[in-house]
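Novice: here is my input; please provide its structure:
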Amino acid sequence: MNIDFYKKLKLLFAHMRKIKLFFFILLLFATTLVFSQNSVGDKISWNAYTQIRGTTNFNNYHNFSLRRLKFWAKSTPEFSKHWSYKVQVIFMSGQNEVFFLQDIYGQYRWKNSSVRFGQFLPQFSLQRHQPDYLVPSMERARAVSFLIPGASLGGRDIGIQYNLTALNGSLKFNVGVFNGYGIKEYRFDNSGYMVSQNLSYEFNIKQSKIKFGYSVIYRDAQNTKFPLIISDSITYSGSDFRYSIYGIFTSKIIDFQAEYLSAKLEDGNADGYYGLLTIKPNDKNHIYLVYDAYKSDNSMINDNPWYLGGYNYFFKSYKIMLTLETGFQKSGNVYENRTILQLQLFFH
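Specialist: Numbers count the residues shown, from 1 in each chain. Below is the predicted model of the structure:
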């Protein structure tokens, strides 16, 4: 009897999550309609999109999921000459179907400089700062996802960052100071810290662009877990040094980017790199190939590289896009497959 009761209770909570998701989507449309007809709407920009996917290995795994439902609001240039802000939340099947606050920050701009403060993504890595909906492949490379400062800590951090743009926008410099323990918890007695620095330079060659740069961070970690680098049974305290070297070439026909990332702890190391080639026959059809390599001192993570290939069809630019991707990774003596079909849809 008790077992049946708990089963019914579990089904009820699952149903409530679906109802909550429905009303959240309804709220997106309602707020967009209200503010578009109000003078306040001139000072606020609303955006939302979702990625719905099906995944299979053609053997023993088949799954449908909501990869992400993301909603953000930010100020427009009409809001203020110097001040701006952004708030962003996300809903994911992989995060127990709960809403998660990602960004909430303010920014002050003057001349070619700005200062950002609050909860946001420290400027580290090339691909991590490319929006999800513009990355050609289904996921960012493992080296990026695993080695950004907040990889297993909620992605973002709380701090302050200075940004400089020079040489007519070609040179970008960023330096920041952060808590260093992510956003999954808040510590009232934190004694650690993290500093980050990024530098990039971009230039044109006829109708093509080349950009290259680097990112570094140093963290004095205190009682922090890094399961994507060392064993998840270790709570680590000590120095944490990471860096990224990257480059990207973009043109009308092909794009190519590559990046190498490394993390060095006192108890272990990890590094990885990727290469992403995108071929663009026309505006509607893009084909991409990815080589994704990653190695760490956590023996539970498969160190063999992924070989990926995919196809993007743009119904309406990136706002309505269908993607098919398949890839292989060696596990033991066999190569395992992962194939994903995903629909990306913008609400506003």
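Novice: any idea of the mean pLDDT in the stretch of helix or strand residue 245 belongs to?
Specialist: Here residue 245 sits within strand 236-250, counting by DSSP states H and E. Mean pLDDT, strand 236-250: 97.
Novice: please save the CA atoms from that strand in CSV.
Specialist: Listed next in CSV are the C-alpha coordinates belonging to strand 236-250 (Å, rounded to 0.1, in the frame of the first residue of the first chain):
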residue,chain,number,x,y,z
TYR,A,236,40.7,19.4,-3.0
SER,A,237,42.5,22.4,-1.4
GLY,A,238,45.4,24.0,-3.1
SER,A,239,46.5,25.8,-6.3
ASP,A,240,44.6,25.4,-9.5
PHE,A,241,46.1,26.8,-12.7
ARG,A,242,44.4,26.5,-16.1
TYR,A,243,45.0,28.0,-19.5
SER,A,244,43.5,27.9,-23.0
ILE,A,245,45.1,28.8,-26.4
TYR,A,246,42.7,29.2,-29.3
GLY,A,247,42.2,30.3,-32.9
ILE,A,248,39.3,30.6,-35.3
PHE,A,249,39.0,31.2,-39.1
THR,A,250,35.7,32.2,-40.6
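Novice: give me the sheet partners of it and which way each runs.
Specialist: Paired neighbours of strand 236-250 in the sheet (DSSP bridges): strand 208-224 (antiparallel), strand 254-265 (antiparallel).
Novice: deepest in the core, which of those is it.
Specialist: Among the strands paired with strand 236-250, strand 254-265 has the highest mean neighbour count (mean count of other C-beta atoms under 10 Å), at a mean of 20. Yep, even glycine has a C-beta here, placed from its N, CA and C like the rest.
Novice: all strands of the stretch 101-250 of the chain, in order?
Specialist: 113-120, 157-166, 171-178, 193-205, 208-224, 236-250 (DSSP state E, counting those that start in this stretch).
Novice: residue 192: how many residues sit nearby?
Specialist: If you count neighbours by other C-beta atoms under 10 Å, residue 192 ends up with 18.
Novice: so which of the strands of the stretch 101-250 of the chain gets nearest residue 150?
Specialist: Smallest distance to residue 150 across those (C-beta to C-beta): 5.5 Å, for strand 157-166.
Novice: what ranges do the helices span in this protein?
Specialist: In order along the chain, the chain carries the following helices (DSSP state H): 2-36, 142-147.
Novice: contacts for the last one, please.
Specialist: Yep, that's helix 142-147 we're talking about. 125, 127-128, 139, 151, 228-229, 242, 244, 259-263, 270-274, 292-294, 296, 306 (C-beta atoms under 8 Å, 6 or more residues apart in numbering).
Novice: again, 6 Å this time
Specialist: With C-beta atoms under 6 Å, 6 or more residues apart in numbering as the test, helix 142-147 has contacts from 125, 127, 128, 228, 261, 263, 272, 273, 292, 294.
Novice: where does the stretch 51-200 of the chain have low pLDDT?
Specialist: Within the stretch 51-200 of the chain, the ranges that satisfy pLDDT under 70 run 95-97.
Novice: make it 80
Specialist: For the stretch 51-200 of the chain, the stretches with pLDDT under 80 are 93-99, 186.
Novice: next one: the residue most central in space within the chain from residue 91, what distance?
Specialist: By C-alpha atoms, centre = their mean, the chain has its centre lying nearest to residue 128, at 5.3 Å. According to C-beta to C-beta, to the nearest Å, residue 128 and residue 91 sit 20 Å apart.
Novice: on that earlier part again, list the contacts of the residue nearest to the centre of the chain.
Specialist: Applying C-beta under 6 Å, 6+ apart, we find residue 128 in contact with 144, 148.
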